[in-house]
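Peer 1: I'd like to go over a predicted model; first the sequence, then the structure.
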Amino acid sequence: MDIGATLLDDVVSKIVQIPGSRTFTVSVIVSQPRKSPASVFPYAPNVHEAEVYIQDILALVAEDIHVEGMNGVDQESVPGLEMPTREAVYVSAVELVLYTLPKTSSAIVYVSKVDSTGQGKRPSPTKTLVLALLEHITKRWFGANITNDEGKAERSGWNIWVHLFARAQNQYLFPASIEFPGKKVLSDVGLVKWWKGVLDQFTDTISSQSLASIPENRILSYVTVPGLTSLEVNQFLPKRPAGLIGPEWLIGNPYSNTSTLFPMDVQPPCSISQLIPYFPDDPKARLIDEIANTTSKASATIVSEPRRKKRKLDSGEKELDGQAQGPEAEETTLDFVQTVSAEEFWERMDGRQECRLGTVAFFVVYVDQSASSLGAVAGGKEVKSAKRAEVAPGMMKKISTMLDSADFGTIEKAARSTKLLQEAIKALAGGSLDITEGIATKSDGRVSEVENLSEETLVKFITRSIQVNNPEPAPKAEVAVPTPVVTVLTARKKKKPTST
């Protein structure tokens with residue numbers, strides 16, 4: 001990664017390495033942080049006193065492809081046809097939710113949705129897009145700043161938690177895309193293998209970078225497949241490709257690791273309300289809600305201490321008087337979601353209908369970037385906090401709503417939907433947005449300036465078209481299938497006894 005590169009810069013630097021001669025338009029939109037303490041640990045004690053910020057991130061990749069005319073006629077076969085023969089069509093999209101918890105210097109990256117339309121050339125840029133986003137957020141936004149000649153981390157990096165669950169579905173972000181014949185939906189097992197390959201490459205990259213590389217023993221990777229035993233999960237998980245470094249995968253979850261400090265400033269053993277994050281459209285969140293709403297609750301009547309009157313002094317201050325107003329009884333509800341352990345939670349997950357037969361897999365990657373774990377870094381180069389452009393949450397919601405109402409069932413429909421969305425993104429130009437540097441907290445040195453979004457700023461931070469001219473990918477070698485040997489069995493006739 002280049003020093004000082006924006007998120008869009010790093011994504012583009014990865015996309016240009018994709019094989020083939022292709023034209024892409026890459027768009028990355030980040031919302032301004034908003035304080036939302038109850039969004040990720042809603043049942044934790046005193047959660048409303050916690051400092052939690054949430055941001056939405058949407059990344060889209062469009063590719064210029066041949067589009068047939070609206071009447072079904074191949075445009076290239078009609079001379080003089082004025083309609084363009086190639087148009088941009090979205091082929092990949094990733095939606096992330098970022099939770100920032102300054103008290104423990106922790107950031108939770110939830111990979112909410114990943115989708116493709118199958119309408120571009122092969123290979124698809126989806127995997128490249130996911131990797132570029134995760135690497136940039138981990139290293140640029142929350143990595144350690146190295147400023148001295150010895151290569152010591154002057155500013156401690158933040159601990160990163162990457163969460164996702166893999167469940168095969170027809171479509172996540174591109175409506176009606178399953179109607180396109182070229183879209184291939186992976187099976188449940190195929191999707192688990194795909195995500196393991198992506199995260200293997202992610203941990204390899206952040207372990208081997210020359211700037212603030214992270215020791216392998218400070219990265220923990222977990223996979224949980226409810227309904228399957230550890231032996232069954234190991235049987236279908238692919239091995240790490242040769243040449244990639246990184247931690248071995250642990251079958252299970254991190255919530256029994258007593259040496260790990262979790263984002264809510266707790267260490268196991270403690271309840272799920274402080275350990276397991278609550279994400280949108282997540283099976284774990286549904287079970288947490290179910291426990292909170294259906295577990296029997298006990299009501300207790302607590303008699304508080306007598307409330308004392310306050311009397312006003314001449315100075316204007318108030319002093320508590322010893323005279324009591326009388327005992328006050330108040331009704332309270334003991335919420336037993338705080339008493340459920342992580343072990344019991346995952347036992348319940350095994351029995352849930354939506355998780356049966358190993359149809360859902362949960363991945364967690366924990367990256368410890370504290371200065372004590374990084375130590376000295378070769379080179380001693382300066383790593384500055386990357387600047388980023390942040391749009392108002394309302395604008396992000398508008399673009400997400402447009403995407404939800406689009407139609408990607410055919411290439412022609414996808415081209416029209418892509419054009420409308422790209423126009424909405426370009427319409428950000430002329431408005432205003434925050435150009436920020438630093439992490440969203442109420443007390444640190446976060447630098448933020450409001451800037452009119454010119455065309456130059458738009459290309460630098462939000463959307464950019466690129467031309468890729470690389471060798472075509474090598475064709476996959478066809479595996480010769482041996483002709484099966486058929487053995488024909490014939491019934492043996494019983495010999496007749498000879499007459500004497």
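Peer 2: Right, received. Where do you want to start?
Peer 1: Nearest residue to the middle of the chain?
Peer 2: With distances taken as CA atoms, centre = their mean, the residue of the chain nearest its centroid is residue 111 (1.6 Å).
Peer 1: how much space is there between it and residue 36?
Peer 2: 19 Å (CB to CB, to the nearest Å). Every C-beta, even on glycine, is put in place using the N, C-alpha and C of the backbone.
Peer 1: Would you mark the buried spots in stretch 30-45?
Peer 2: 30, 31, 32, 33, 37, 39, 40, 41, 42, 43, 44 (16 or more other CB atoms under 10 Å).
Peer 1: could you give the mean pLDDT of that stretch?
Peer 2: Per-residue pLDDT over stretch 30-45 has a mean of 89.
Peer 1: Identify the residues contacting it?
Peer 2: 7, 47-57, 99-100, 108, 263-264, 273-274, 277-279, 288, 292, 335, 337-338, 388-393, 395-396, 434, 440 (CB atoms under 8 Å, 6 or more residues apart in numbering).
Peer 1: hey, which helix or strand in the protein has the poorest pLDDT?
Peer 2: Least confident helix or strand, the chain: strand 298-303 with a mean of 33, by mean pLDDT, DSSP states H and E.
Peer 1: can you give me the helices in the stretch 51-200 of the chain?
Peer 2: Applying DSSP state H, counting those that start in this stretch to the stretch 51-200 of the chain gives helices spanning 126-136, 188-208.
Peer 1: Out of those, indicate the one that is most buried.
Peer 2: helix 126-136 (a mean of 22; mean count of other CB atoms under 10 Å).
Peer 1: Just want the angle from it to helix 188-208.
Peer 2: Comparing the axes of helix 126-136 and helix 188-208 via axes from the mean of the first three to the mean of the last three CA atoms, to 10 degrees yields an angle of 40 degrees.
Peer 1: Counting by contacts, list what helix 126-136 packs against.
Peer 2: If you count contacts as 3 or more CB pairs under 8 Å, 6 or more residues apart in numbering; DSSP states H and E, helix 126-136 packs onto helix 7-15, strand 53-66, strand 86-101, strand 106-116, helix 188-208.
Peer 1: now it, how far from the chain's geometric center?
Peer 2: 10 Å (CA atoms, centre = their mean, to the nearest Å).
Peer 1: how big is the angle separating that helix from strand 106-116?
Peer 2: Using the same axes, to 10 degrees: helix 126-136 against strand 106-116 is 170 degrees.
Peer 1: how about helix 126-136 as PDB, C-alpha atoms only?
Peer 2: Extracted in PDB, the C-alpha atoms of helix 126-136 (Å, rounded to 0.1, in the frame of the first residue of the first chain):
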ATOM      1  CA  THR A 126     -15.600  -9.600  -5.800                       C
ATOM      2  CA  LYS A 127     -12.800 -11.300  -3.900                       C
ATOM      3  CA  THR A 128     -10.400  -8.500  -4.800                       C
ATOM      4  CA  LEU A 129     -12.900  -5.900  -3.600                       C
ATOM      5  CA  VAL A 130     -13.400  -7.600  -0.200                       C
ATOM      6  CA  LEU A 131      -9.700  -8.000   0.400                       C
ATOM      7  CA  ALA A 132      -8.900  -4.400  -0.500                       C
ATOM      8  CA  LEU A 133     -11.500  -3.100   1.900                       C
ATOM      9  CA  LEU A 134     -10.500  -5.200   4.900                       C
ATOM     10  CA  GLU A 135      -6.800  -4.600   4.400                       C
ATOM     11  CA  HIS A 136      -7.200  -0.800   4.100                       C
END
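Peer 1: who touches it?
Peer 2: Applying CB under 8 Å, 6+ apart, the external contacts of helix 126-136 come out as 1, 5, 7, 10-11, 13-15, 17-18, 28, 57, 59, 61, 91-92, 94, 96, 109, 111, 114-116, 162, 194, 197-198, 201-202, 205-206, 386.
Peer 1: Compare the helices of the stretch 51-200 of the chain and say which comes out lowest on pLDDT.
Peer 2: Averaging pLDDT over each of the helices of the stretch 51-200 of the chain puts helix 188-208 lowest, since it has a mean of 90.
Peer 1: Ends of stretch 90-109, what's the gap?
Peer 2: Taking CA to CA, to the nearest Å as the measure, stretch 90-109 stretches 24 Å from start to finish.
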